[in-house]
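In: how does the following fold in three dimensions:
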Amino acid sequence: MPMGVFMRRQGGKDWLPLSAWFLYRLPYAVIVGVLIGFLVTVITAEGASTLAGRLGGDYPAFYGAGRIIADGDWENLYNIGRQADEQKPLLGAGKVLYFAYPPYAALPFGLLAKLEYRWSYLLYTLILFGALLLALHLLRTLSNYVVNHYWQLVGWALLFYPLFKAIGGGQNSSITLLLLVGAWWGVEHDSPYLSGFLIGLLLYKPHFALPMIALFLIAGHWRVAAASVATALCLYGISAWMLGEDWLFQWSDQVLFFATEDARVNPYQNVSWHGFLAGLFGVGISVTIAGIACSVMTFVYLGWSWWQLRGSDIDLRMALAVPGVLLITPHTMYYDAALILVPLIVLADRGTPHMGLRVFLVFVAGIGHYVAPTIGFSTLVFAVLATAWWSINATASQRSCAVLGGAGSDGE
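Out: Have a look, this model is predicted:
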């Protein structure tokens, strides 16, 4: 938060109101407080049980998959019964959290699962926190705003409900954020193959990676797209080595089953077009058709915008792409709304008016997710829609300049 907003002159001296000082220093206290509270919780935990409830949120799914990998029982990675057996000491009998990621994504957890659960969770959470720090560190070379307010942004990001829940609940939103920021960094620093490699790694969430690959291709970033495809082929080969040539069918069956069940039981956890409509009107064929129509129109707009802006700075395109991709994918969970940090930072860096109010409204939408089970949909969908709209407005004049100037294809 810019200190200049709060500084005043009085008697020839600068002074800082107590409230401004509090807002400026609060993020430091948040970082320290969260780390201390987290460490105390982990140390006092017994297995996955703590006084505050289950330790790790969804992490038992990752830990259970890691246990299967560590045991060398790879062919049963997507066996629901096998997953349930590994998670039983953590969740109890009759409960299971599905592991619905590609096979190669389970390999790192094979190493983490060699540790006792709470220490494995501790290490993984520190990795997630480190991913957030690194993502914002990379943004220092892309945004003057981040240069001036790095630790403040770290603290406020930890207070943003989706990111707080993602890091504390064993979800990988901060890793997704790092890969997207890294791809942006690579384009800005003339390292297209690095960008493509990072987007390829994002294929552990193909519903995010595939639209991004298409957008880079539309904008003329041929080397980014080529490196993404090459990375995808390598990951395909690793998965085939693990589960055999039919791994894609095994995995897709798991994904479709999980997505169908989750959409039926937890539509209010989803912040995509389809999830929002399903929360409002229920799951059905008409809602599915409407969700697909909204998603197609959103992607067509994104593709058109990236084409029009292909000679412009990539920060504007990323600001458009991130909320757009969140909306078009069929399964975007509320904690992935943490990715809207990207457009918010772009808008702040470009001096968008009333950013303090906008960020406040986004934070309120995050807190509002608490009532999602009651109202049937997540209030975070409004945060995603708002950042999408603000990004559209920010790119309107830039798009006009790009069209008038006959922009090229970014030199690739």
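In: report the buried residues of stretch 193-200.
Out: Residues of stretch 193-200 classed as buried by neighbour count (16 or more other CB atoms under 10 Å): 194-200. In this view, the C-beta of every residue, glycine as well, is placed from N, C-alpha and C.
In: for stretch 376-387, same thing?
Out: Buried-residue list, stretch 376-387, by 16+ other CB under 10 Å: 377-387.
In: tell me where the stretch 1-150 of the chain has helices.
Out: For the stretch 1-150 of the chain, the helices defined by DSSP state H, counting those that start in this stretch occupy 18-44, 59-70, 80-91, 107-112, 117-139, 144-148, 150-159.
In: worst average pLDDT in the ones you listed?
Out: Here the helices of the stretch 1-150 of the chain differ in mean pLDDT, and the lowest is helix 18-44 at a mean of 66.
In: quick revisit: which one of the buried residues of stretch 376-387 is nearest to Tyr236?
Out: Val384 (30.7 Å; CB to CB).
In: so how far is Trp247 from that closest one?
Out: With distances taken as CB to CB, to the nearest Å, Val384 is found 32 Å from Trp247.
In: ok, now Phe62?
Out: 19 Å.
In: got it, and Phe216?
Out: Counting by CB to CB - Phe216 and Trp247 are separated by 26 Å.
In: re earlier: tell me which of Phe62 and Trp247 has more neighbours.
Out: The neighbour comparison of Phe62 against Trp247 (other CB atoms under 10 Å) goes to Phe62, with 25 against 22.
In: and the more buried one, how far is that from Ile340?
Out: The value you get for Phe62 to Ile340, if CB to CB is used, is 24 Å.
In: now Ala365
Out: Distance from Ala365 to Ile340, by CB to CB: 10 Å.
In: how about stretch 69-82: buried residues?
Out: Buried-residue list, stretch 69-82, by 16+ other CB under 10 Å: 69-70, 74, 77-78, 82.
In: from these, which is closest to Gln308?
Out: Gln308 lies nearest to Tyr78 out of these, by CB to CB, at 42.2 Å.
In: so what's the closest one up against?
Out: By CB atoms under 8 Å, 6 or more residues apart in numbering, Tyr78 lies in contact with 99, 250-251, 253-254.
In: phi, psi of it?
Out: Tyr78 has phi and psi values of phi -100, psi 20 when expressed as degrees, to the nearest 10.
In: ok, it to Val255 distance?
Out: From Tyr78 to Val255 the distance is 9 Å (CB to CB).
In: report the distance from stretch 109-125 to the chain centre.
Out: 21 Å (CA atoms, centre = their mean, to the nearest Å).
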